[in-house]
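Trainee: predicted model and sequence follow; I will ask about them next.
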Amino acid sequence: MLALPALAAVVALAASAATPSAAATTPRTFRVDLFHTGTATTEIFSLDRLVLEPLPFPGRPDRPLDELGLGKYHFEVREQQGDRLLYSRGFASIYGEWETTDEARGLTRTFSESLRFPAPAVPVKLVVKKRGPDQTFREVWTLRVDPKDPFVDSAAPASPGPLLALQRSGSPEQKFDLLLVGDGYTAAERGRFEADARRLMKALFSTEPWRSRRADVNVWGLCPPSEQAGVSRPSTGLHRRSRVGASYDAFGSERYLLSFENRTLRDVASFAPYDALAILVNSETYGGGGIFNLYATVAARSAWAEYVFVHELGHSVAALADEYFTSETAYLPATDRVEPWEPNITNDPKAAKWADLIRPGAPLPTPWPKERFTLRAREIQAERKAIRKRNGPEREMDALFKAEQREETALLSPLSGQVGAFEGANYEAVGSYRPQADCIMFSRDPVPFCAVCRRTLDRVLDLYAAP
Ligand SMILES: [Zn+2]
């Protein structure tokens, strides 16, 4: 049913790239594919390939510079002659997470990444910066890029199938373009992908600030067919060569879904205009992931898919930190206590970065029933682990999460609406604080994003969507 308008959309996008007037105002999308290699203590960037993507650059032309200060990394595109800054964006990466795991202490690994920017008219310098121990950015890699280099690959990759225009609000340069890529859906399951995509969109647009900003967002869908249904879940011996390579058990965490197949994913995604990307995985097993300016993932058929989708987009769109502190993660505890850069966590309850949202006279840190909450959360973690260990049916996990949700909501709802500094955040029970007792970045409870998370999402949407 949607194939015809979707194809028409592809043709229209391709045509706008080809007409001289559009080409003069909207450059195509340039992409640097790179390898990010190292250990916990060494880090090397190297060039993989230069790509001129088929479509125009979808970003807002009057907001080429990112001054929001989000992300562990930041890249700049500067003219080689004169050093003028043309484009910049904050980002995070799989490597940036992996280097904080135990595995990185004893193993060298390479992850593939991409940086996208408007195709330059003149030779440019790509400068990658990373935060140092004091959280300020320092240069870690520079690459000279000549857009006329004969090795810039301008060929269209193999088609991933028709582009679905799931919600079209306006031209990609004036809107925030969210692309949903299906993984582990067979050709016969294309309809299932579309139904999953529409269900998740509905959940997203019922949540502030997405609800108010709906007209600022385009949503696109691509579903390259996989030969078999589902994706890899190595901890249960399940391996699949799904089309964009999503897999459970990333960094040994059973619920963590990532794709390490960056080249393939980018080639697929290059058929849609996108400022943000989410991978919808054809699975009922709870899971997801989200990395700032890379992508979000979600097990689209899990009972918790709607919640996970909105939560993971919080990470991937707005660099929001996890506000929870009782779940196990693969990351080693931070050894320093410098103020984290993430907008929704702080080490300093008295001078929280969201102080302007706190009612004068509110107690800081803000009291909340932390002991009771933590005790119960630990019990639930233990039950959860036991269910996974015996490979119990997913409905047992769902029932456990439902019970947790009921108890937590009852415990935290008397504090709803209060902004303060609540101890316990960012995987740390002590010395790390979150803005409100409950938030989509804290729990699976039926609550909104906290005021700080909403404000950050709004700021990022402004970077892409013209008023
Ligand atoms: Zn929050």
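Mentor: Noted; the coordinates are in hand.
Trainee: okay, CA-based contacts and neighbour counts for the rest of this
Mentor: OK.
Trainee: any chance you could map the helices in the stretch 201-350 of the chain?
Mentor: 262-269, 305-318 (DSSP state H, counting those that start in this stretch).
Trainee: out of these, flag the one nearest the ion.
Mentor: Smallest distance to the ion across these (Cα to the ion): 9.0 Å, for helix 305-318.
Trainee: for the closest one, name the packing helices and strands.
Mentor: Secondary-structure packing of helix 305-318 (3 or more Cα pairs under 8 Å, 6 or more residues apart in numbering; DSSP states H and E): helix 190-204, strand 276-281, strand 288-291, strand 295-299, helix 451-464.
Trainee: count of residues packed around the nearest residue to Arg459 once chain neighbours are set aside?
Mentor: With sequence-adjacent residues excluded and distances taken as Cα to Cα, 6 or more residues apart in numbering, Arg459 is closest to Leu68, at 7.9 Å. The local packing of Leu68 (other Cα atoms under 10 Å) involves 14 other residues.
Trainee: with the one 10 residues further on instead?
Mentor: Burial measure for Arg78: 22 neighbouring residues, criterion other Cα under 10 Å.
Trainee: ok, it touching Phe117?
Mentor: No - Arg78 is beyond contact range of Phe117, at 11.3 Å (criterion: Cα atoms under 8 Å).
Trainee: which residues are in contact with each of the two?
Mentor: With contacts defined as Cα atoms under 8 Å, 6 or more residues apart in numbering, the residues shared by Arg78 and Phe117 are Tyr87.
Trainee: what residues does the protein have near the ion?
Mentor: Residues of the chain lying close to the ion (Cα under 5 Å from the ion) are 439, 450, 453.
Trainee: domains of this structure?
Mentor: 28-145, 349-459 (automatic domain parsing).
Trainee: in TSV, list those domains along with mean pLDDT.
Mentor: As requested, these are arranged in TSV below (pLDDT from 0 to 100):
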stretch	mean pLDDT
domain 28-145	97
domain 349-459	95
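Trainee: for Val219, give me its contacts.
Mentor: So Val219 contacts 165-168, 177-180 (Cα under 8 Å, 6+ apart).
Trainee: list just the nearest of those residues to Ala421.
Mentor: Ranked by distance to Ala421 (Cα to Cα), the contacts of Val219 are led by Leu178 at 32.1 Å.
Trainee: name the residues of stretch 406-414 that are buried.
Mentor: Residues 408-409, 411-412 are the ones in stretch 406-414 that count as buried (16 or more other Cα atoms under 10 Å).
Trainee: hmm, back to that, mind putting the helices and strands packed on helix 305-318 in a markdown table, mean neighbour count included?
Mentor: Shown next, in a markdown table, are the helices and strands packed on helix 305-318 (neighbours: other Cα atoms under 10 Å):
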| stretch | mean neighbour count |
| --- | --- |
| helix 190-204 | 18 |
| strand 276-281 | 26 |
| strand 288-291 | 26 |
| strand 295-299 | 29 |
| helix 451-464 | 20 |
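Trainee: next up, the contacts around the nearest residue to Lys125 once chain neighbours are set aside.
Mentor: Distance criterion Cα to Cα, 6+ apart; nearest residue to Lys125, sequence neighbours excluded, is Arg144 at 4.5 Å. Counting by Cα under 8 Å, 6+ apart, Arg144 makes contact with 80, 123-126.
Trainee: go again with 7 Å.
Mentor: Residues in contact with Arg144 (Cα atoms under 7 Å, 6 or more residues apart in numbering) are 124-126.
Trainee: backbone torsions only: list them for the closest residue to the ion within the stretch 201-350 of the chain.
Mentor: Per Cα to the ion, Asn344 is where the stretch 201-350 of the chain lies closest to the ion, at 5.8 Å. Dihedral pair for Asn344: phi -110, psi 20, per degrees, to the nearest 10.
Trainee: give me the neighbour count for the residue lying closest to Val145 once chain neighbours are set aside.
Mentor: Distance criterion Cα to Cα, 6+ apart; nearest residue to Val145, sequence neighbours excluded, is Val124 at 5.3 Å. A count of nearby residues for Val124, using other Cα under 10 Å, gives 23.
Trainee: thinking again about what came up before, can you redo the domains of the chain as CSV with distance to Ala319?
Mentor: Putting the domains of the chain into CSV (distance: least, Cα to Cα, whole Å) gives the following:
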stretch, distance to Ala319
domain 28-145, 6
domain 349-459, 9
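Trainee: out of those, which comes closest to Glu208?
Mentor: Set against Glu208 and scored by Cα to Cα, the domains of the chain come closest in domain 349-459, at 6.8 Å.
Trainee: and that closest one, how far out from the chain middle?
Mentor: 20 Å (Cα atoms, centre = their mean, to the nearest Å).
Trainee: for it, measure first residue to last.
Mentor: Start-to-end span of domain 349-459 (Cα to Cα, to the nearest Å) is 23 Å.
Trainee: residues touching Glu428, list them.
Mentor: Phe325.
Trainee: any idea of the pLDDT on Val10?
Mentor: Looking at Val10, its pLDDT is 44.
Trainee: quick revisit: give the PyMOL command for selecting the buried subset of the contacts of Val219.
Mentor: A single PyMOL command selects the buried members of the contacts of Val219 (16+ other Cα under 10 Å):
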select buried, resi 165+166+167+168+177+178+179+180
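Trainee: so of the contacts of Val219, which ones are in strands?
Mentor: In strands, judged by DSSP state E, the following of these are found: 165-167, 177-180.
Trainee: now the residues you listed as TSV including distance to Leu86 and pLDDT?
Mentor: Formatted as TSV, those follow (distance: Cα to Cα, whole Å; pLDDT from 0 to 100):
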residue	distance to Leu86	pLDDT
Ala165	30	98
Leu166	32	98
Gln167	30	98
Asp177	21	98
Leu178	23	98
Leu179	25	98
Leu180	28	98
